[in-house]
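Visitor: Take this sequence and fold it.
(one chain, ligands or ions: 1)
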Amino acid sequence: MRPPSEWRSYFLPLTSGCSNNTCTFCNYYGAKIQTRELDDVKMEIDALATYVRRGIYLSGVPQIVYEIGRSWDGKRVFLQDGDALIYPLSRLREALDYLNKRFPDLERISTYATPQDILRRDQNELRGLKDLKLSIFYTGIESGDDKVLQKVGKGVKRQELVEAGKKAKEAGITLSVTVILGLGGVERSKEHALETAKILTEFDPHYVGALTLTLVPGTPLYEQWKQGQFYPISPFQSLEELNTIIENSNLTGCFFSSMHASNYFSVRGMLPQDKERMLTEIEAVLTTRDSSLLRPEFIRGL
Ligand code: SF4
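Guide: Coordinates of the predicted model:
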C-alpha cells in the first residue's frame, strides 16, 4: 500500500498494518500492528546502499530490495505501512538518521500518518523528524462530518483532525490528505460533502486526493451494505459530492485530484486557480448524465 505519487520512492517497511484498525471501510480493519526490529531495518538500508553503490548483493536480504533498488534514483523514501509514524520515536529517529547517513543525497522521506499519530507527537518532535527529512505526511481525513467519522469508526472527531493538520503544517511538514466520496452513503451525502469542503478549508493542505468509496468484502461496511444497513451513492452522486467539495472549499495553494483509480471521473488542478475549469468539467458530465463518460465499474480500483 502506497500513495500513487510515491512511485519513484524506495519503500522501506517499518511496520505492518495500522494501529488504528477500526475504520469499517478499510481492509486494515482488525489487522494487528507489527513493528519491525531496528536492526533489521538497518540491515535493509545497508544492503540497499551496498547494492546501489557497488552492485553487490548481500546474503539474507529479500530479493525485493534489489528489484526496487535497481530502478531507484536515490532521492525519495516512503516508510511503510499504514501508519509508520507509530514506530517508537527514538527508533524512528535512529532509522531516519541511518538512512540519511547512508544516502546523504536523499531529498525527502514520506509516510502515512494517522491523525492520532500526529496528535501523539509534540511540536519539537515533529520538527525534529522534519529535520531528518521526514517531510511529507499522507493523512486520511475521509470526511469532515462528525457523524460519518463516528459511523465508520475513524476514531477521531473533526476537531481533532483539524488540530492534527495544523500541528503538522506548523512543523513545516507537507500535508497530502484524502477524502472519500460516498463515505456517508445516501443518508449523509449532502452533509458529508459540505462538511468535507469545510474541513479542507480549515486544513488548507498542499495536496488533496479524492477517492470514491469501494466496498471491500470482509469489511464491516461491506456487511452493512449486504444487510441493507448502508446505501451506497450512485456514480453520478459521487460526482455531485466532488462538485460540492470543490465548489465550497477555499484552498490557498492546493493540488486537488480525483485521478485515483477508484473514481468514476477524473479531474485535477490547482486550487483556487483552476476551480472554475474543474467545476465546468464536472458539470458537463452531470448535465448530460452520459454514463459512457464515467470510468466503468469493472476497471475501478481500490
Ligand atoms: S487509519 Fe487509515 S489505514 Fe488505518 S484503518 Fe483507518 S483508513 Fe485504514
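
Visitor: hey, let's count contacts and neighbours off CA atoms from now on
Guide: Fine.

Visitor: What sits closest to whichever residue of the stretch 51-200 of the chain sits closest to the ligand if chain neighbours are left out?
Guide: Nearest residue of the stretch 51-200 of the chain to the ligand, counting by C-alpha to the nearest ligand atom: residue 82, 4.7 Å away. The spatially closest residue to residue 82, leaving aside those adjacent along the chain, is residue 18, at 4.8 Å (C-alpha to C-alpha, 6 or more residues apart in numbering).

Visitor: Around the one you found, how many other residues sit close by?
Guide: 22 (other C-alpha atoms under 10 Å).

Visitor: residues contacting it?
Guide: 28, 31-33, 81-83 (C-alpha atoms under 8 Å, 6 or more residues apart in numbering).

Visitor: can we see that at 10 Å?
Guide: With contact set as C-alpha atoms under 10 Å, 6 or more residues apart in numbering, residue 18 has these partners: 28-34, 81-84, 86, 112-114.

Visitor: pLDDT-wise, what's the bottom of the residues you listed?
Guide: Sorting these by pLDDT puts residue 82 at the bottom of the list (81).

Visitor: how about that one, secondary structure?
Guide: Following DSSP: H, G, I helix; E, B strand; the rest coil, we place residue 82 in the coil state.

Visitor: how near is it to residue 272?
Guide: According to C-alpha to C-alpha, to the nearest Å, residue 82 and residue 272 sit 30 Å apart.

Visitor: out of the two, which sits in the busier spot?
Guide: More crowded of residue 82 and residue 272, by other C-alpha under 10 Å: residue 82, with 26 against 17.

Visitor: so that one makes contact with residue 111?
Guide: Yes - with contact defined as C-alpha atoms under 10 Å, residue 82 counts as touching residue 111 (8.4 Å).

Visitor: Between the two, which contacts overlap?
Guide: 2, 138-139.

Visitor: Can you flag which of those residues belong to strands?
Guide: Of the shared contacts of residue 82 and residue 111, the ones assigned to strands by DSSP state E are 138-139.
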